[in-house]
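Participant: sharing a model prediction with you, sequence too.
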Amino acid sequence: EATIAEPQEMLPWIRGWGSDCEVLEPQELRTALEKEVKKMVRVYGVGNISWPQTRFFAHRREDDERENWQPLIEHLTKTAELARTYGEDANVAELAYIAGLMHDLGKYSDAFQKRLTGEGPRVDHSTAGAKELNAFLEGKPQQVIAQMLAYPIMGHHAGLPDYGYETDLDGGTVCARLKNKLPDYSAYKDELDLSALPFPQRLNIQPLRLRVFKDKPPKDYISFSFSFLVRMVYSALVDADFQETETYMQGRIKPRGGYADISTLRDKLDMYLKQFENPNTTINRKRNEILKVCIEKGKTEKPGFFSLTVPTGGGKTLASMAFALHHAAECGLKRIIYVIPFTTIIEQNAGVFKSIFGEEQLLEHHSNFDWEGKKRDNPDDHTNSTLAKLRLAAENWDIPIIVTTNVQFFESLFDNRPSGCRKLHNIAKSVIIFDEAQMLPRDYMRPAMAAVWELVSNYGASVVFCTATQPGLERFLPENTEVRELAPNP
């Protein structure tokens with residue numbers, strides 16, 4: 001055994017063994033040797049290795065030879081497959097796949113290929129896919145799909161654009177950019193066939209219907225539901241694009257995922273809660289009663305809206321988490337998102353959960369969390385690798401338990417930037433717990449509750465409003481929305 005600072009240091013020693021030595025792992029070291037062998041085959045004119053014939057590339061690494069650049073069709077297909085996977089829980093898999101195939105269509109222009117080598121001006125490569133879809137589906141029943149996908153395709157770098165006006169001739173709006181003259185990118189037709197794309201026949205969303213004014217009937221807000229669908233597709237696309245590009249540029253896959261599943265975390269919590277099974281005071285007996293009811297309802301209730309009305313000191317933190325984990329395990333939901341109004345209490349709750357589940361299973365995501373300070377306080381390799389993995393999870397919330405703030409949660413739902421929206425597809429099929437629900441943003445209650453309704457009604461989430469004094473949030477939700485109480489005799 002030998003300790004080295006970096007695997008690449010072994011290259012000269014491995015070369016010395018020639019064909020008597022094979023690198024099995026790590027993969028990045030094996031890949032480096034494979035590239036050198038291929039280069040030697042080309043230099044000496046032996047072997048029968050077929051070199052990529054494409055003249056269109058998506059990315060290149062600094063100082064990398066052309067044969068190692070990433071073919072554009074490879075980036076498009078890999079991004080599309082990733083986007084389809086990320087879109088499954090939000091029920092936007094095929095839309096995300098189409099967006100992934102089309103998002104970099106403008107890179108098929110000679111102008112962009114020159115730019116890739118450092119020549120020429122910047123090239124708009126993100127409008128072409130939207131233009132081509134719009135032309136292909138014009139006059140067809142699925143034309144609305146082209147209109148919808150224009151937003152994520154055009155905005156996958158700069159952010160979701162405004163629609164603008166049909167009269168726009170210049171600027172960054174969707175309408176203006178669809179009229180822009182672009183460098184010729186028609187070479188894409190040699191590698192992509194739009195007629196083979198899996199265009200859905202209909203959009204499977206239930207439109208938001210609200211009564212905003214007491215003296216007027218309820219009204220459909222289909223545009224809000226439509227915009228939320230766009231954001232889900234956008235989230236799946238930008239997360240897939242970022243990770244696929246990152247993997248190519250760094251030559252390896254970063255250590256994401258690999259967490260305990262929801263059932264395992266449920267069992268950990270149940271084991272922790274055994275210490276409360278024989279209460280000997282009145283308040284503890286009441287806490288235990290609430291806890292047991294929440295666990296039983298977690299096993300039997302279908303996804304939807306819930307309230308947990310418990311006085312201060314009634315144990316709602318553990319009771320709500322117990323409901324959430326049992327509910328998620330029974331209903332196939334993927335994660336628990338615990339939303340707290342104040343950073344002053346978020347660390348306390350996060351600390352309780354970390355002691356139960358382990359620090360590596362929980363992401364604490366708020367403005368006061370000091371990543372660098374944590375690294376200085378815990379210099380050992382295991383802690384640093386855990387922190388590095390959690391930092392990656394903060395990009396897209398790909399982790400079983402998230403503890404965050406109202407501000408972080410709702411700003412993510414209404415953000416237009418790629419970095420802010422990457423996590424949205426992972427909010428689908430989650431249990432979202434709003435602690436101290438009376439502190440939800442009053443000035444923005446209608447859009448906030450409309451977004452929460454979308455998550456429950458169209459994206460498979462469940463929501464729990466926890467507080468000692470319920471604020472009557474039903475009036476901000478569509479009529480006849482059922483909010484089921486979890487506590488016995490609230």
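Facilitator: Structure's in. What do you need?

Participant: shaky segments in the chain?
Facilitator: For the chain, the stretches with pLDDT under 70 are 1-8, 38-53, 366-385, 490.

Participant: strands of that one, start to end?
Facilitator: For the chain, the strands defined by DSSP state E cover 57-59, 70-71, 208-210, 219-221, 305-309, 335-340, 362-365, 401-405, 430-434, 462-467, 483-485.

Participant: need the ones you listed in CSV (columns: distance to F323).
Facilitator: Backbone N, C-alpha and C define where each C-beta goes, glycine included. Putting these into CSV (distance: least, C-beta to C-beta, whole Å) gives the following:
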stretch, distance to F323
strand 57-59, 46
strand 70-71, 46
strand 208-210, 26
strand 219-221, 30
strand 305-309, 7
strand 335-340, 10
strand 362-365, 17
strand 401-405, 14
strand 430-434, 8
strand 462-467, 7
strand 483-485, 11
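
Participant: just put those strands in TSV and tack on mean neighbour count and distance to P141.
Facilitator: Converted to TSV, the strands of the chain look like this (neighbours: other C-beta atoms under 10 Å; distance: least, C-beta to C-beta, whole Å):
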stretch	mean neighbour count	distance to P141
strand 57-59	20	32
strand 70-71	18	34
strand 208-210	19	23
strand 219-221	13	20
strand 305-309	23	34
strand 335-340	26	36
strand 362-365	23	41
strand 401-405	23	39
strand 430-434	25	33
strand 462-467	25	34
strand 483-485	15	37
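
Participant: so which of the ones you listed comes closest to Y163?
Facilitator: Smallest distance to Y163 across the strands of the chain (C-beta to C-beta): 16.1 Å, for strand 219-221.

Participant: which helix is the longest one in the protein?
Facilitator: The helix of greatest length in the chain, counted in residues with DSSP state H as the criterion, is given as helix 222-250.

Participant: between the strands of the chain, which one is closest to R122.
Facilitator: Taking C-beta to C-beta as the criterion, R122 comes closest to strand 57-59 out of those, the separation being 15.5 Å.

Participant: what strands flank the closest one, and is each parallel or antiparallel?
Facilitator: When pairs are called by DSSP bridges, strand 57-59 turns out to pair with strand 70-71 (antiparallel).

Participant: coming back round to it: wait, which of the strands of the chain is closest to L101?
Facilitator: Closest of the strands of the chain to L101 is strand 57-59, at 12.4 Å (criterion: C-beta to C-beta).

Participant: show me what contacts Q438?
Facilitator: Taking C-beta atoms under 8 Å, 6 or more residues apart in numbering as the criterion, Q438 is in contact with 467, 469-471.

Participant: what residues are up against the residue lying closest to it once chain neighbours are set aside?
Facilitator: Take Q438 and drop its neighbours on the chain: the residue closest to it by C-beta to C-beta, 6 or more residues apart in numbering is P471, 4.5 Å away. Contacts of P471 were listed using C-beta under 8 Å, 6+ apart, and they are 437-438, 440.

Participant: show me which of the residues you listed is closest to T264.
Facilitator: Nearest member of the contacts of P471 to T264, counting by C-beta to C-beta, is A437, at 28.7 Å.

Participant: can you get me a residue count around the closest one?
Facilitator: Look at A437: counted by other C-beta atoms under 10 Å, it has 23 neighbours.

Participant: that one contacts C466, doesn't it?
Facilitator: Yes - with contacts counted by C-beta atoms under 8 Å, A437 reaches C466, the gap being 6.0 Å.

Participant: now Q27: how far from T247?
Facilitator: Using C-beta to C-beta, to the nearest Å, we find Q27 at a distance of 11 Å from T247.

Participant: and the helices in the stretch 251-400 of the chain?
Facilitator: With DSSP state H, counting those that start in this stretch, the ranges of helices along the stretch 251-400 of the chain come out as 262-273, 282-300, 316-331, 343-357, 371-377, 381-396.

Participant: actually the stretch 101-250 of the chain, not the one I wrote
Facilitator: Listed in chain order, the helices of the stretch 101-250 of the chain (DSSP H, counting those that start in this stretch) span 110-116, 128-137, 143-154, 174-178, 222-250.

Participant: okay, those helices in JSON lines with distance to L291 next?
Facilitator: Compiled in JSON lines, the helices of the stretch 101-250 of the chain are given as follows (distance: least, C-beta to C-beta, whole Å):
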{"stretch": "helix 110-116", "distance to L291": "59"}
{"stretch": "helix 128-137", "distance to L291": "52"}
{"stretch": "helix 143-154", "distance to L291": "43"}
{"stretch": "helix 174-178", "distance to L291": "51"}
{"stretch": "helix 222-250", "distance to L291": "34"}
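
Participant: so which of those helices comes closest to A80?
Facilitator: Put simply, out of these the one that sits nearest A80 is helix 222-250, at 7.7 Å, with distance taken as C-beta to C-beta.

Participant: got the angle between the closest one and helix 143-154?
Facilitator: Per axes from the mean of the first three to the mean of the last three C-alpha atoms, to 10 degrees, the angle that helix 222-250 makes with helix 143-154 is 40 degrees.
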